[in-house]
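*Asks:* Need coordinates for the following:
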Amino acid sequence: MTRLIIAGAQLGAIQKSDSRAVVVARMVELLQQAAARGAEMIVYPELALTTFFPRWYMPDWKEVDTWFETEMPNAATMPLFERARDLCVAMTFGYAELTPEGRRFNTSIVTNRKGEIIGKYRKVHLPGHDEYDPERAFQHLEKRYFEPGDLGFNVWRNEGVIMGMAICNDRRWPETYRCMGLQGVELITIGYNTPSVNSQMSAEGVEKRLFHSDLSLQAGAYQNATYVVGIAKAGMEDGHPLMGGSIIVDPDGFVLARAETEEDELILADCDFAKCAFGKSTIFDFARHRRIEHYDRITSQTGAIISV
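*Replies:* So this is what the prediction gives:
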């Protein structure tokens, strides 16, 4: 069975004034450090190339589009792709995607160790709101700037491993993991940018938010017998704090590695994908134990309906 040494490349804050070139140089430096430590794959966060721009209300769509990439790789990211190919390291990272048709998505891609893109995912569960909200401590305008993803939860066989992707808020939804679990997923990579405080409940601070992040990632890993790598962008971005808490979780739900800072930081784990087999063949043997005749409500209904 396949083993991979996987590096999680947590990124510290990216300011509005930071150019793509500055950010990519930081990503390349983490890549080189990871390769020197034996990593064969590196996982970067959501919206890895820019600040978390959905916190800003922008009425001018020309300004909005400056945060988006129209192709991948492009001139700004080519040094990262070239160095990953030279070092023979697969990678995954998130960015804002503007399609030729003018559609905008919160997107993640995964490459093989030759630097070739072999999979793309577009964020499905968009949090926040779509117009300026004066009641919030800060804005979270993903619903304004992005469409819900239209590619579904797919998996790809990459470097001998069945891999899938999700982004940020997706990690809180059990359906995310189950859709990939039903395709035999062995590794789910999830980048995120999560504020250290709740914009609608200021008393909810970083301790509770880190707990919920861990809970979601560990439960998803255990309930689908898969490795899960959740990697943050963290630190103080233009006065707005993002939490860290990047972790690598094994198929039993145990944390193998955890970031300790809110800066650029590498975490590594030697992942033996043979360990996925036990859970998939026993308590989570879906073919034997799932009762789909009772699950219709999951796909036929969105909001809760109280019927008693």
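
*Asks:* The stretch 201-308 of the chain: strands as residue ranges?
*Replies:* Under the criterion DSSP state E, counting those that start in this stretch, strands of the stretch 201-308 of the chain are mapped to 227-232, 235-237, 240-242, 247-249, 255-258, 265-272.

*Asks:* same check, this time on the stretch 51-200 of the chain
*Replies:* Under DSSP E, counting those that start in this stretch, the stretch 51-200 of the chain gives strands at 90-98, 104-111, 117-122, 155-158, 161-167, 187-192.

*Asks:* Return the most buried member of those strands.
*Replies:* Stretch with highest mean neighbour count among these: strand 187-192 (a mean of 29; mean count of other Cβ atoms under 10 Å). C-beta coordinates here come from the backbone N, C-alpha and C atoms, glycine included.

*Asks:* So what angle separates the directions of it and strand 104-111?
*Replies:* Angle between the axes of strand 187-192 and strand 104-111 is 140 degrees (criterion: axes from the mean of the first three to the mean of the last three Cα atoms, to 10 degrees).

*Asks:* Would you mind writing the CA trace of strand 187-192 as CSV?
*Replies:* This file holds the C-alpha atoms of strand 187-192, laid out as CSV (Å, rounded to 0.1, in the frame of the first residue of the first chain):
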residue,chain,number,x,y,z
LEU,A,187,-7.0,11.6,1.7
ILE,A,188,-9.1,14.8,1.9
THR,A,189,-7.2,18.1,1.9
ILE,A,190,-9.0,21.2,3.2
GLY,A,191,-7.7,24.7,3.2
TYR,A,192,-9.3,27.4,5.3
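
*Asks:* What distance do you get for the residue lying closest to residue 254 once chain neighbours are set aside to residue 274?
*Replies:* Distances taken as Cβ to Cβ, 6 or more residues apart in numbering place residue 218 nearest to residue 254, at 7.6 Å, with adjacent residues excluded. To residue 274, residue 218 is 20 Å away according to Cβ to Cβ, to the nearest Å.

*Asks:* Tell me which of these two has more neighbours.
*Replies:* Neighbours per residue, other Cβ atoms under 10 Å: of residue 218 and residue 274, the larger number sits with residue 218, 19 against 12.

*Asks:* surely the more buried one meets residue 251?
*Replies:* No - look at residue 218 against residue 251 with Cβ atoms under 8 Å: they stay out of range, at 10.7 Å.

*Asks:* where in the stretch 1-150 of the chain is pLDDT low?
*Replies:* The stretch 1-150 of the chain contains residues with pLDDT under 70 at 1.

*Asks:* mind redoing it with 50?
*Replies:* Under the criterion pLDDT under 50, no range of the stretch 1-150 of the chain is flagged.

*Asks:* distance of residue 264 from residue 62?
*Replies:* Residue 264 is 31 Å from residue 62, by Cβ to Cβ.

*Asks:* Oops, could you answer that again for residue 37 instead?
*Replies:* 42 Å.

*Asks:* more neighbours, the two?
*Replies:* With neighbours defined as other Cβ under 10 Å, residue 37 and residue 62 compare such that residue 37 has more, 11 against 7.

*Asks:* Contact partners for that one?
*Replies:* When contacts are counted by Cβ atoms under 8 Å, 6 or more residues apart in numbering, residue 37 touches 5, 7, 266, 268.

*Asks:* Check those residues for burial and list the buried ones.
*Replies:* Buried by 16 or more other Cβ atoms under 10 Å: 5, 7, 266, 268, out of these.

*Asks:* now, the most widely separated pair of those?
*Replies:* Maximum pairwise distance among the buried ones among the contacts of residue 37 (Cβ to Cβ): 11.4 Å, between 5 and 266.

*Asks:* Relative to residue 174, which of the strands of the stretch 51-200 of the chain is closest?
*Replies:* strand 161-167 (11.5 Å).

*Asks:* Show me what that closest one is in contact with.
*Replies:* Applying Cβ under 8 Å, 6+ apart, the set of residues contacting strand 161-167 is 2, 4, 46, 92, 94, 106, 108, 110, 119, 121, 123-124, 153-157, 176-177, 180, 183-192, 273.

*Asks:* What average pLDDT does it get?
*Replies:* Averaged across strand 161-167, pLDDT comes to 98.

*Asks:* same deal with stretch 173-191?
*Replies:* Mean predicted lDDT for stretch 173-191 stands at 98.

*Asks:* for it, the distance to its chain's centre please.
*Replies:* Relative to its chain's centre, stretch 173-191 lies at 12 Å (Cα atoms, centre = their mean, to the nearest Å).

*Asks:* Repeat that for stretch 139-155.
*Replies:* Distance of stretch 139-155 from its chain centroid, counting by Cα atoms, centre = their mean, is 12 Å.
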